[in-house]
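1. coordinates only, no sequence provided:
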């Protein structure tokens, strides 16, 4: 996630879509539309996850990590919420890029159910806890972390990736995760070099490489109290959609 000027990254990306070293592509959903993921996810997912353990009086909270301009957040909400404008289901999306968040807010068709805020998940996440407290929930019922892990990994190293996973696991009952494969890392680094920009600080020193999704699973299961419960297959970009849940204690 970003620790430098987002505006300059966004300006560069207008001229070249490969120039977004934090994953904040300004036209992301034109080349990876929401349907690429939603076609793999059953529309009954939210109902299935919340039917057994949820308090009927409690709101159901969804978190979308790195939501970009919000198109997938809205499409996912409409895909899994069985009753339109269900007042007890709330989705919070966040992204480190305030320009993308502004666009998401302006185009939000369901402001009563979906909200967006600018936030860098590698820094202070107090706003997420505040959101949980507002609804009287200890964790988000479902967190989406789709195509985010690589950007945190490249910009914050192995420690940053593991911290992200641990942090999300601590605030999530279920975690739907799409980790980019290692070939995407090489492509991102190659695009950056092609533009004459400095390489990612941590790319050459990363020890977590190869089958990144498997190593993500090992960390979540071995250190975060979560377990893999389902794979929804792979997207058209050959990325696995993996669903984890918190183990009962």
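-> Arrived safely, thanks for sending. Computed from a predicted model, the values in this text were never measured in an experiment. Numbers count the residues shown, from 1 in each chain.
2. show me the contacts for residue 242.
-> With contacts taken as C-beta atoms under 8 Å, 6 or more residues apart in numbering, residue 242 has the following neighbours: 176, 177, 178, 179, 213, 217, 228, 230, 231, 232. C-beta here means a position set from N, CA and C on the backbone, and glycine is covered the same way.
3. of these, which belong to helices?
-> 213, 217 (DSSP state H).
4. can I get the buried part of the contacts of residue 242 as one PyMOL selection?
-> Buried members of these, defined by 16 or more other C-beta atoms under 10 Å, are picked up in PyMOL with:
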select buried, resi 176+177+178+179+213+217+232
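5. looking at the contacts of residue 242, which is nearest residue 26?
-> Nearest to residue 26, judged by C-beta to C-beta, of these is residue 178 at 20.3 Å.
6. list the buried residues of the helix ranked longest in the chain.
-> In terms of residue count, the longest helix belonging to the chain (DSSP H) is helix 149-170. Of the residues in helix 149-170, 149-157, 160-162, 164-165, 167-169 count as buried by neighbour count, 16+ other C-beta under 10 Å.
7. what mean pLDDT does that helix get?
-> This predicted structure assigns helix 149-170 an average pLDDT of 97.
8. distance from that helix to the middle of the chain?
-> Between the mean C-alpha point of helix 149-170 and the mean C-alpha point of its chain there is a distance of 11 Å (C-alpha atoms, centre = their mean, to the nearest Å).
9. give the other helices and strands that that helix contacts.
-> Using 3 or more C-beta pairs under 8 Å, 6 or more residues apart in numbering; DSSP states H and E as the contact criterion, the elements in contact with helix 149-170 are strand 174-178, helix 182-194, helix 212-223.
10. among these, show the one with the smallest mean pLDDT.
-> When the helices and strands packed on helix 149-170 are compared on mean pLDDT, helix 182-194 scores lowest, with a mean of 91.
11. just the buried positions in that helix, please.
-> Using 16+ other C-beta under 10 Å as the burial criterion, the residues of helix 182-194 that qualify are 182, 184, 185, 188, 189, 191, 192.
12. tell me where this protein has strands.
-> Assigned strands in the chain, in chain order: 60-65, 89-95, 114-118, 142-146, 174-178, 226-234, 240-246 (criterion: DSSP state E).
13. lowest-confidence helix or strand of the chain?
-> In the chain, no helix or strand scores lower on mean pLDDT, DSSP states H and E than helix 6-15, which sits at a mean of 38.
14. between the longest helix of the chain and helix 182-194, how many degrees?
-> Between the axes of helix 149-170 and helix 182-194, defined by axes from the mean of the first three to the mean of the last three C-alpha atoms, to 10 degrees, the angle is 130 degrees.
15. how about the contacts made by the most centrally placed residue in the chain?
-> Closest residue to the average C-alpha location of the chain: residue 145 at 2.5 Å, with C-alpha atoms, centre = their mean. Contacts were defined as C-beta under 8 Å, 6+ apart; by that measure residue 145 touches 65, 66, 168, 175, 176, 177, 178.
16. again, 10 Å this time
-> Residues in contact with residue 145 (C-beta atoms under 10 Å, 6 or more residues apart in numbering) are 63-66, 121, 152, 164-165, 168, 172, 175-179, 216, 242, 244.
17. okay, the residue in the chain sticking out farthest from the centre: pLDDT?
-> The outermost residue of the chain relative to its centre, with distances by C-alpha atoms, centre = their mean, is residue 196 at 28.5 Å. The predicted local confidence for residue 196 comes out at a pLDDT of 80.
18. can you check residue 20 too?
-> Value listed for residue 20 in the pLDDT field: 82.
19. hang on, it packs against residue 28?
-> Yes - in terms of C-beta atoms under 10 Å, residue 20 counts as a neighbour of residue 28; the distance is 8.5 Å.
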